[in-house]
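Asker: Below: sequence and its predicted model.
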Amino acid sequence: MPELPEVETVKRGLAPSMEGAQIEAVDVNRPDLRWPFPKQMAARLAGQTVLRLRRRSKYILADLSSGESLLVHLGMSGRMTVSGDPLGQFVHEHPQLEKHDHVVFWMAGGARIAFNDPRRFGAVDLLPTETAQEHPLLAKLGPEPLGNDFSEAYLAQALSGRRTPMKTALLDQRIIAGLGNIYVCEVLHKTGISPLRQAGKVSAARLAKVVPAVREVLEAAIAAGGSSLKDFKQASGELGYFQHQFQVYDRAGGACRTAGCEGVVARIVQAGRSTYYCPVCQR
């Protein structure tokens, strides 16, 4: 599942072709993905100008001149690819559309954006821009980890008294929006906190390290274009490269990369998901 860095990378890749541009037409090649598409979606999008692209958690939002916003969730295998970009940042000629290009946006400047989703776990919706934060997918999300609302004081209060494991707490989208399995593993290793430790029992001093670590890990991943595992590609079709910087994720049996630590990375399962950590230096 693409996490915050992957979604942010896609959003930035789409911006040169979409922001400020008019949507000439939209091809909708099936009635649904994870859920049915909005009624008359193609007609509601055609002729609208994309005023702004933004990201909320793992969702991309395109604010339109109609007063509606297009919400896109990539799901497990979704990707958005750009071709024919007039700025010359992508391939100029449109390649042949693929089997799983379920929604295709034709932009007035000549760009084509295809939403491809083989497993169909993604989602597309239209919602009023003014009340976007009330949408069921967005209403209960916690603060953005790269925003000002995510602070040491906030995190300490949010985790106070919680008996759930630290890994589970950081994955809770109601506490922090956008963090997923890969980056939580990396953050916990960076801070030396065991994924098994109860969130409410992490000391204030150790908890103070989490906020800057979250930002450092996410910013490094965004700079690397995200992590390419299985299906993820950027809007340009390129792969991300942060997986080459993983300290623990997907490295079970490998030596811990913490200086002076002689531990070996272990893999356990928590809430049905793989957790990678060093049992020696993460406590």
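Answerer: Cool, got the structure.

Asker: contacts and neighbour counts: CA atoms only from here.
Answerer: Noted.

Asker: Distance check, Lys58 against Ser151.
Answerer: 20 Å (CA to CA, to the nearest Å).

Asker: Looking at those two, which one has more neighbours?
Answerer: Between Lys58 and Ser151, counting by other CA atoms under 10 Å, Lys58 is the more crowded of the two (24 against 17).

Asker: correct me, but the more buried one touches Glu3?
Answerer: Yes. With contact defined as CA atoms under 8 Å, Lys58 and Glu3 form a contacting pair (6.1 Å).

Asker: Would you mind grabbing the residues shared as contacts by the two?
Answerer: The contact sets of Lys58 and Glu3 overlap at Gly178 (CA atoms under 8 Å, 6 or more residues apart in numbering).

Asker: Looking at stretch 100-108 now, give me its mean pLDDT.
Answerer: Confidence for stretch 100-108, expressed as mean pLDDT, is 95.

Asker: Can you give the distance from it to the centre of its chain?
Answerer: 21 Å (CA atoms, centre = their mean, to the nearest Å).

Asker: Next: stretch 15-35.
Answerer: 19 Å.

Asker: which residues are contacting it?
Answerer: 37, 42-43, 45-53, 82, 85-87, 101-109, 111, 120-124.

Asker: okay, Gly147: pLDDT?
Answerer: At Gly147, pLDDT is 95.

Asker: and it, what element?
Answerer: Per DSSP states H and E, Gly147 falls between elements, in no helix or strand.

Asker: do the same with His102
Answerer: Going by DSSP H and E, His102 is in strand 101-107.

Asker: which is the next helix or strand following that strand?
Answerer: Sequence-wise, the next helix or strand downstream of strand 101-107 (DSSP H and E) is strand 112-116.

Asker: Please point out which parts of that next one sit buried.
Answerer: In terms of neighbour count (16 or more other CA atoms under 10 Å), strand 112-116 has its buried residues at Arg112, Ile113, Ala114, Phe115, Asn116.

Asker: What separation is there between the fourth one and Asn29?
Answerer: So that's Phe115. According to CA to CA, Phe115 and Asn29 sit 11 Å apart.

Asker: what's the neighbour count on Glu219?
Answerer: Glu219: 15 neighbours (other CA under 10 Å).

Asker: pLDDT value on it, please?
Answerer: 92.

Asker: That one: which element?
Answerer: Counting by DSSP H and E, Glu219 is part of helix 210-223.

Asker: and that helix, how far out from the chain's middle?
Answerer: Worked out by CA atoms, centre = their mean, helix 210-223 lies 13 Å from the chain centre.

Asker: Tell me the buried residues in that helix?
Answerer: For helix 210-223, burial by neighbour count (16+ other CA under 10 Å) applies to Val210, Val211, Pro212, Ala213, Val214, Arg215, Val217, Leu218, Ala221, Ile222.

Asker: Ok, stretch 146-155 next?
Answerer: Leu146, Phe150, Ser151, Glu152, Leu155.

Asker: roughly how far is that stretch from the heart of the chain?
Answerer: Distance of stretch 146-155 from its chain centroid, counting by CA atoms, centre = their mean, is 19 Å.

Asker: how near is Arg52 to Leu138?
Answerer: From Arg52 to Leu138 the distance is 18 Å (CA to CA).

Asker: now swap in Gly161 and tell me
Answerer: Taking CA to CA, one finds Gly161 at 26 Å from Leu138.

Asker: Looking at those two now, which is surrounded by more residues?
Answerer: Higher neighbour count among Gly161 and Leu138: Leu138, with 17 against 12, using other CA under 10 Å.
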